[in-house]
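[1] Here is the input, now give the coordinates:
(one chain, ligands or ions: 1)
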Amino acid sequence: MARRILFLGPPGAGKGTQAAMLANALHIPHISTGDMLRSAVDAGTDLGKKVESVMAAGDLVSDELVVAIVDDRLDQSDARCGYLLDGFPRNIAQAQALNDAVINAIGTVVLLEVDADELVQRLMKRAAEQGRADDNEQTIRRRLEVYEAETSPLVDHYGDAVIRVDGIGSIDEVFSRIALVLARS
Ligand code: AMP
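    Residues are numbered from 1 along each chain as shown. Model prediction:
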């Protein structure tokens, strides 16, 4: 059965790490819009030049650009047997575009929950360790605001498809929780 899984959660919740591990375990592609956009910025492509300053400010790239790259990615043959979306959709408009683009829309939505104080601590730690351009205090605050305003309404939007997972704990602990709830879903 094709599995179409979506990861939701605030910046710093561990989505990228957990999504990569789960996609690997399920043999489905891990489709991260943040990773695709960062690659475009690093490669200096036209897309990268368009999105660099928006990302550095912690704001959302335009729906039009992001929907186009996701559409292209989902058209690739490896996505036919399922995929895991990480960082997309980021708002209701993108979710609606996804439903239009994909006939059998999302089956399971994993919501990784971590409280705000812990998120800021984790992001500041990542800033020190990895030096991501958008991991500085001002941008972190902005990304959390954008999540609350734009992305958190998706939790209600997906309703019963949402499975809440406590994102506090070691990487392996959180992964075990996700694997368990998915096995039951
Ligand atoms: P992420 O790695 O998912 O935290 O994304 C990093 C940054 O990329 C975000 O702060 C946005 O600027 C941009 N971005 C990633 N995914 C999207 C999306 N679906 N829509 C708009 N902007 C996005």
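[2] Which secondary structure element is home to the residue in the chain that the ligand sits nearest to?
    Nearest residue of the chain to the ligand: G34, at 2.0 Å (Cβ to the nearest ligand atom). For the C-beta atoms, the positions are set from N, CA and C on the backbone; glycine is no exception. Here G34, judged by DSSP states H and E, is contained in helix 33-43.
[3] how about the CA coordinates for the helix or strand that that helix is followed by, as CSV?
    The helix or strand immediately downstream of helix 33-43 is helix 46-57, counting by DSSP H and E. The C-alpha trace of helix 46-57 is given here as CSV (Å, rounded to 0.1, in the frame of the first residue of the first chain):
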residue,chain,number,x,y,z
ASP,A,46,17.4,31.4,-10.1
LEU,A,47,15.1,29.9,-7.6
GLY,A,48,17.8,30.1,-4.9
LYS,A,49,18.3,33.8,-5.6
LYS,A,50,14.6,34.5,-5.4
VAL,A,51,14.1,32.8,-2.0
GLU,A,52,17.4,33.5,-0.2
SER,A,53,16.4,36.7,1.6
VAL,A,54,12.9,35.4,2.4
MET,A,55,14.3,32.3,4.1
ALA,A,56,17.0,34.3,5.9
ALA,A,57,14.2,36.5,7.4
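[4] Please find the angle between the direction vectors of helix 46-57 and helix 33-43.
    Per axes from the mean of the first three to the mean of the last three Cα atoms, to 10 degrees, the angle that helix 46-57 makes with helix 33-43 is 110 degrees.
[5] Which neighbouring elements make contact with the helix or strand harbouring K125?
    According to DSSP H and E, K125 maps onto helix 116-130. If contacts are counted by 3 or more Cβ pairs under 8 Å, 6 or more residues apart in numbering; DSSP states H and E, helix 116-130 sits against helix 137-146.
[6] circling back to that earlier point, neighbouring contacts of the helix holding G34?
    16, 47-48, 51-52, 55, 61, 66, 69-70, 73, 86-88, 90, 132-133 (Cβ atoms under 8 Å, 6 or more residues apart in numbering).
[7] what distance separates the helix holding K125 from the middle of the whole chain?
    Averaged C-alpha coordinates place helix 116-130 at 17 Å from its chain's average position (Cα atoms, centre = their mean, to the nearest Å).
[8] switch to numbering from 2
    New numbering, starting at 2: the last item is helix 117-131.
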